[in-house]
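Engineer: below: sequence and its predicted model.
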Amino acid sequence: MAPSNPLANWERLGDSFYRKVPIYDAIFDDDVELENYIIAGAPYGGAIALHRDESKPYRFRDAQTSKSSIDIYSCSGKHINRINWEYGTIRGLGWSDKEELLVITEDGTVRRYFGLHGDFTSFSLGNGAEDYGVRACRFWTSGFVALLSNNQLVAVSNYDEPRPRLLAPCPEGEVSSWSLIPPAYTLSRSVEVLLAVDKTVYLVDPTEAEDKVLQNGPFKHASVSPTGRFVALITAEGKVWVVSSDFQSKYSEYDPESRVTPRTVDWCGDDAVVIAWEDEVHLIGPNGVAARYYYDGTVHVVPEFDGVRLITNDTCEFLHKVVDVTEAIFRLGSTSPASVLLDSIDLLEKKSPKADENIQRIRPSLPEAVDTCVKAAGHEFDTYWQKRLLKAASFGKSVLDLYNSDEFVEMTEKLRVLKAVRDYQIGLPLSYEQYMRLTPERLIERLVNRHEYLLAIRISEYLELPADRIYVHWASQKVKVSTVDDDALCKLIVQRLEGKPGISFELIAQTAYDEGRAHLATQLLNHEPRAGKQVPLLLDMEEDEIALDKAIECGDVDLVNYVLLHLKTKLPLASFFRTINTRPMASALVETTARGQDTELLKDLFYQDDRPIDGSNVLLSEALDATDLPRKTEKLQLASRLLSDSKDPSVVLQQKLLNEASQLLKVQETLDKDLADRSEFLGLSLNETIYRLIRSGYGKRAQKIQSEFRMPEKTFWWLRLRALVAKRDWGELEEIGKNKKSPIGWEPFYNEILGAGNTKLASLFVPKCTNLPAEDKMEMWVKCGMIAKAGEEAFKAKNVNALELLQARASGPAAVEIERMINQLRPRK
Amino acid sequence: MAPYPGSDADYFRDKARRDLLTLLEGVRGKKNLVVSQDLAGPVGLFVKFSLLQEYGVDRVFLLENGNVDSSQRNVVFLVHAEKIRQVRAVAEQIQRLQRNGNVEHELSIFWVPRRTLVSNSILEEAGIIGDVNIAEFPLYFAPLEQDVLSLELEDSFGDLYLHKDPACIFHSAKALMDIQQRHGYFPRIIGKGDHARRLADLLLRMRKELDAEESSGLAGVSARGLLPSASTESLIIIDREVDFGTALLTQLTYEGLIDETVGIKNNQADVDTSIVGPTAVPQAQESSKAPQQSSKQGQKRKVQLDSSDQLFSQLRDANFAIVGDILNKVARRLESDYESRHAAKTTSELREFVNKLPTYQLEHQSLRVHTNLAEEIMRTTRSDIFRKILEVQQNNAAGADATYHHDAVEELIARDVPLKTILRLLCLESCMSGGLRPRDLENFKRQIIQAYGHQHLLTFWALEKMELLQPRSSATTMLLPTAGAQTGTKTNYGYLRKNLRLVVEEVSEKDPNDVAYVYSGFAPLSIRLVQCVLQKPYILSLVRGGPVTAATPSPASASSPGWLGFEDVVKSARGATFSIVQKGDDKAIRARQTISGNNAIKTVYVFFLGGITFTEIAALRFIAAQEAPRRKIVICTTSLINGDRMMDAAIEKGNFAKLE
């Protein structure tokens, strides 16, 4: 076969070239009258959705064809699926870049079809869409904006969790055309909309609508370039303007010399605008230069980010700018090194020595030439020229001593993949740039959606990508269509997927369950290694206990709580408790959650489980939380009653103490009434009560309470000591000091009183500390400032050294005294 | 799994900062940030308020205060999604904002560390799930220091041992998976304690699930073929439950004592301004604290306690007894440094001096702060009560008959010493000797309840549930030094004290030769367990009473992995004992070994489940210093803990006085 001319279909447009590459032919049957259809094409060479334009009359043939439907075709015209449509007038038809079809009806219902085979989710636009009706929609890769008939704009920027949001209110008036700037390219990081109203254009974002103050409206078309930098407008006189997206500067103007307003205005890459009528296409470059193409039938334009696809009944073509590398090689009269390198292949095949001459001539720039050839091969659609260019690169490479071949190898891999998917049976006419942006993973996803499992697996093996999703999708599909009985099917699937890593049986089981094959779902689920994954499905399947066990097994507390929450609302209380009480983790979590939130549940739980102390503790907490005394006492009594049956000594003590608590509260209530005009004692502990009583001088009452509550003597003495010191009631303390014995000894008296600064009184207690060694006592005296007394102590102990030390610290009469004692002790020389 | 440069601490700090800022950037314009109390501190560890401001944060509110207003259109919530109570609080506040504001709010929630199913259903219930932007902020480890990673789960102790809520085990497992994803699998997981076992099982399970998920594209290509790590030696998990006793003792290192007296939270201590002087000398870190913290200044001042303070890193792990000496030395050195200005003759010398001035001033400031702090602590440690408490503790730790001290404890009760302190003493006795005699326990119970209020019936119940304070039953009387080697439900301190030499009387505080220095003579059991794995010869020689050869460890230590050699001893500590080898593809390992060589310094991760004390950190650092030529130790924990905080988990906060 003769090689096609690489320059075929090149068209000069200003400084650069554009070319229109025919990709497929014989796309649609002749009876599909394209002029009567609305067409939407998915980005990255994706599927095409056709819907009959209901505003146009059409020939009635039979009942079947007159039924409204959306047909999905591949780019090569292979019919993929038909969605029968009976849900109202379609106001928006578009695709996301995950190849999900979005259909928006007049009443604001959005249906998102994923996977190309009729599975869908739906949501409503709200925000008044039902009342006013949707007029039109514009899409970007991950969202869309709907224009309501009251000029309100509703934006949805995420399909997974759609949250329709109103944009700023826009002015009244007839919207003649509109367009949007995707969030990725705006300053506000949110979608912005250009709305041509009357003579001007408004830029609408979520917070405000800004008038761009233009005069040449009403604009019949507005279109934003793929990078959001430029806007193409068709003015009232039918001229095409290209302006910057901030409307500050106008770059070019073009007059198509046609009375009829073009049907569509799109961008071909970022540099050229394509305007199309029924059968005519103008390609407008910078400075208003243009190329024109004519067709026999209707032509539809499907924009891509790097060009446009032109679709007619017979052909699918890709119109795009010729990239620099290609231009450098193929341009007529090009003398670039890469071009020379390509030439030398010819010469080499002719065995001409000039091949080597050529190489030597471009030797200095040979590495770049090789690079260029490799890159150009990627951008070529014709396999002949791909091979040719790679051959040239390979030849050039062989001459070089050092060359990193990675790019070359990668390019051959990419081209193999591209060739495979461009095949008309697959119908994904990806350009090299598109493939790079789409990424191999998502390409495989698209293949899977088309049920091209074999190719998908081959490609993922070839590129060493994970293939588990392909298998899972295959298996799910198998589950959907297979009529074999459950056991056989499960066996088949498990057999096929054995040893494949990362298979999510949960997803397959989910499909089986959705198909109503619960038994199969359970069987499949047993093969899922990730316990956590199984839980939601098990809950759906009402396998509650298994779900709970699996959740516990995987240790994820959140999952367990989730199951418990679910069970609690679903099961009667008794069986809920029965479910959890054999599972300690579950009951611990129920307790934790219920604590402080649902005490009734706790009480029931403890009652059911026969845990009286826990139950009584809940009541005790309630008593603490209660705000008035009668309720507190009541709760305390209830708490105590719960324990009354038990003989266990610790429980008996617990009960006794609970009763004591009520008793104390009662006593404190009386104290409050008698001694204080406000609540002062209530809520204090017993010790605090007594301490406070003594400090306020109610020693008698304190004593009475002491005996009433059988407080240990020692504790009472300590309390009295501390309270009296705090009160600075030295007289009383001295009085106590006259006692013979103290249960806590006298040292604390000394310490506390000294700590309070009364050395004189403190000193009174030193002699009472009879069981302390002399050294300590000396120290005690010294601390009171009574060195002479300390001396006496030392003297009694016959400790000369200590005396000498004391002497150094003493002065006045004390010093004399000590001197005397030293002399007495010291044997005369 | 590409080896990132830098330590784990740096890595996690950077990652957390980056994640948070990216999330904040996603919310356009100015915003108010609502953060829960338990996140405010950790967030402060890796991002400064000024930086948050740069990212549009206008004001910060605490979730618990519930006072977020409508001053900004954007409101961002940063809250733990696993805490159901907080999730409900968020839902309530969002509903309130929607109800009363005339502003239409743009609401975002960043769930920490992940979005949970329960949070979804709560928001759904409240009918607001459609109105909020929800994102995840995967914050796990917050780096406290280069060698300390903490999950900063304040409630983890109470959750785990009182409420038996294993959420923090799962959380820990996730966090450790982060480390494994970074370095490869821990070649060996060694651990002690039932919860530790649970954690290890979770790690194994998660690895299996990750293997299963590996190729599904979720984990990304980088996680494929995760292998046992070449740079990690092992993971040692110690369950706090194994050794409650240590944590109940009063910490005697400088940092530990600050923690005991003032309290350290997220590397900061709230110190009274009368002690350390007013905040008039703002250090770099201090000025940047979140505003809700600076608002309540006046009496308290935040003191940053981390390694950015050179003096502090010198002091922190020293026994408090020698802190005074070090401070003196530094003061003298500083003085002489200042004096050097007189020696400066030429202008260049003078300039050199002037250049150093800021460092001197900084040092001076920190010297002043620490001298004051140390003095303040000294005041406490000299007090009569502190000495009594310490005496009781030390005797308990040494295994003396505890009943002798009951009088002292009773006196302390009567003197109205804080309840925590009393309970710590009782719990300590209960832990160390397998429970109190029922009669004694009843007696104490009655006295404490009379002294501190009847609400503490609940406190006792909680302590019993945590198995911290129990009556001695006939089943536990076996806790005698003679009876060893049976897997108990309690840690047999009596036996271990002898067989692991927990008490080292002659330890020098100044120039320590054993980890026992951190408690002035008592070696934490938890640390001894770690040593059983890492320093076998040392422990052996210690127990046999032979020459102490800490400095010259034999190479044999590396050859016997896991608990080998100590299985019997370790059995008498509470809970499961395990040592698991994580194997990978043999070929790949061998290939890697040939590449990386075998003698590199490897990292040991020591994970304390349920909390670690500052003294234990100090002890681990002490070991790390000895092991420095062979291994690096990274300390991980769920939170920092001390005896007071343990008691806090149990103590009932309400009382009967609450009346309207």
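Structural biologist: Good, I have the coordinates. Residues are numbered from 1 along each chain as shown, chains lettered A, B, ... in the order given.
Engineer: so where's chain B shaky on pLDDT?
Structural biologist: Low-confidence segments of chain B (pLDDT under 70): B:1-6, B:101, B:212-226, B:277-299, B:474-488, B:545-560, B:584-599, B:658-660.
Engineer: the residue of the stretch 551-660 of chain B found nearest chain A: how many residues sit nearby?
Structural biologist: Proximity to chain A, evaluated over the stretch 551-660 of chain B using Cβ to the nearest Cβ, is greatest for B:Ala657 at 2.4 Å. C-beta coordinates here come from the backbone N, C-alpha and C atoms, glycine included. The local packing of B:Ala657 (other Cβ atoms under 10 Å in any protein chain shown) involves 15 other residues.
Engineer: contact partners of stretch B:129-141?
Structural biologist: Residues outside stretch B:129-141 that contact it (Cβ atoms under 8 Å, 6 or more residues apart in numbering or on different chains) are A:161, A:163, B:8, B:12, B:16, B:19-20, B:23, B:26-27, B:39, B:42, B:78, B:94, B:98, B:106-115, B:120, B:123, B:149-151, B:171, B:174-175, B:178-179, B:636.
Engineer: filter those down to the buried ones and hand me the PyMOL line.
Structural biologist: A single PyMOL command suffices to select whichever of the contacts of stretch B:129-141 are buried according to 16 or more other Cβ atoms under 10 Å in any protein chain shown:
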select buried, chain B and resi 8+12+16+19+20+23+27+39+42+78+94+106+107+108+109+110+111+112+113+114+115+120+123+149+150+151+171+174+175+178+179+636
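Engineer: and the helix or strand hosting A:Tyr113, what does it pack against?
Structural biologist: Per DSSP states H and E: A:Tyr113 is located in strand A:109-114. If contacts are counted by 3 or more Cβ pairs under 8 Å, 6 or more residues apart in numbering or on different chains; DSSP states H and E, strand A:109-114 sits against strand A:101-105, strand A:119-124.
Engineer: quick one: strands adjacent to that strand?
Structural biologist: Here strand A:109-114 has these sheet partners by DSSP bridges: strand A:101-105 (antiparallel), strand A:119-124 (antiparallel).
Engineer: and the shortest one, how far out from the chain's middle?
Structural biologist: Right, strand A:101-105. The chain centroid and the centroid of strand A:101-105 are separated by 26 Å, computed with Cα atoms, centre = their mean, to the nearest Å.
Engineer: swap in stretch A:382-399?
Structural biologist: Offset of stretch A:382-399 from its chain centre (Cα atoms, centre = their mean): 46 Å.
Engineer: spatially nearest residue to B:Gly41 (excluding sequence neighbours)?
Structural biologist: With sequence-adjacent residues excluded and distances taken as Cβ to Cβ, 6 or more residues apart in numbering or on different chains, B:Gly41 is closest to B:Asn266, at 3.5 Å.
Engineer: kindly apply the preceding question to B:Arg415 instead.
Structural biologist: With Cβ to Cβ, 6+ apart as the criterion, B:Arg415 has its nearest non-adjacent residue at 6.0 Å, and that residue is A:Trp718.
Engineer: and the residue nearest to B:Gly41, how many neighbours?
Structural biologist: The burial count assigned to B:Asn266 is 22, neighbours taken as other Cβ under 10 Å.
Engineer: ends of stretch A:150-164, how far apart?
Structural biologist: End-to-end span of stretch A:150-164 (Cα to Cα, to the nearest Å): 16 Å.
Engineer: for it, buried residues please.
Structural biologist: Buried, per 16+ other Cβ under 10 Å, within stretch A:150-164: A:Asn151, A:Gln152, A:Leu153, A:Val154, A:Ala155, A:Val156, A:Ser157, A:Tyr159, A:Pro162, A:Pro164.
Engineer: quick one, phi psi at the third one?
Structural biologist: Put plainly, it is A:Leu153. Backbone torsions of A:Leu153, given as degrees, to the nearest 10, read phi -120, psi 130.
Engineer: identify the residues contacting it.
Structural biologist: Here A:Leu153 is in contact with A:Val145, A:Ala146, A:Leu147, A:Leu166, A:Leu167, A:Cys170, A:Val193, A:Leu195, A:Val204 (criterion: Cβ under 8 Å, 6+ apart).
Engineer: what's the most distant pair in those?
Structural biologist: Largest separation among the contacts of A:Leu153 by Cβ to Cβ: A:Leu166 and A:Leu195, giving 13.9 Å.
Engineer: the more surrounded of those two?
Structural biologist: A:Leu195 (25 against 16).
Engineer: verify the stated contact: B:Ser70 with B:His105.
Structural biologist: Yes. Counting by Cβ atoms under 8 Å, B:Ser70 touches B:His105, with 7.0 Å between them.
Engineer: of those two, who's got more company?
Structural biologist: Neighbour count, other Cβ under 10 Å: between B:Ser70 and B:His105, B:His105 has more, with 18 against 15.
Engineer: I'd like the helices and strands packed on strand A:109-114 laid out as TSV, including mean pLDDT, mean neighbour count and distance to A:Val448.
Structural biologist: Below are the helices and strands packed on strand A:109-114 laid out as TSV (pLDDT from 0 to 100; neighbours: other Cβ atoms under 10 Å in any protein chain shown; distance: least, Cβ to Cβ, whole Å):
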stretch	mean pLDDT	mean neighbour count	distance to A:Val448
strand A:101-105	92	24	16
strand A:119-124	89	14	13
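Engineer: only the buried residues of stretch A:653-672, if you could.
Structural biologist: By neighbour count on 16+ other Cβ under 10 Å, the buried set for stretch A:653-672 is A:653-655, A:657-665, A:667-668, A:671-672.
Engineer: with stretch B:378-388 instead?
Structural biologist: Residues B:Thr381, B:Phe386, B:Lys388 are the ones in stretch B:378-388 that count as buried (16+ other Cβ under 10 Å).
Engineer: output the contacts of A:Leu153 as a markdown table; include the columns secondary structure, pLDDT and distance to chain B.
Structural biologist: Output for these, formatted as a markdown table (DSSP: H, G, I helix; E, B strand; the rest coil; pLDDT from 0 to 100; distance: Cβ to the nearest Cβ, whole Å):
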| residue | secondary structure | pLDDT | distance to chain B |
| --- | --- | --- | --- |
| A:Val145 | strand | 92 | 18 |
| A:Ala146 | strand | 92 | 17 |
| A:Leu147 | strand | 91 | 21 |
| A:Leu166 | strand | 86 | 10 |
| A:Leu167 | coil | 86 | 13 |
| A:Cys170 | coil | 79 | 18 |
| A:Val193 | strand | 91 | 17 |
| A:Leu195 | strand | 89 | 21 |
| A:Val204 | strand | 89 | 16 |
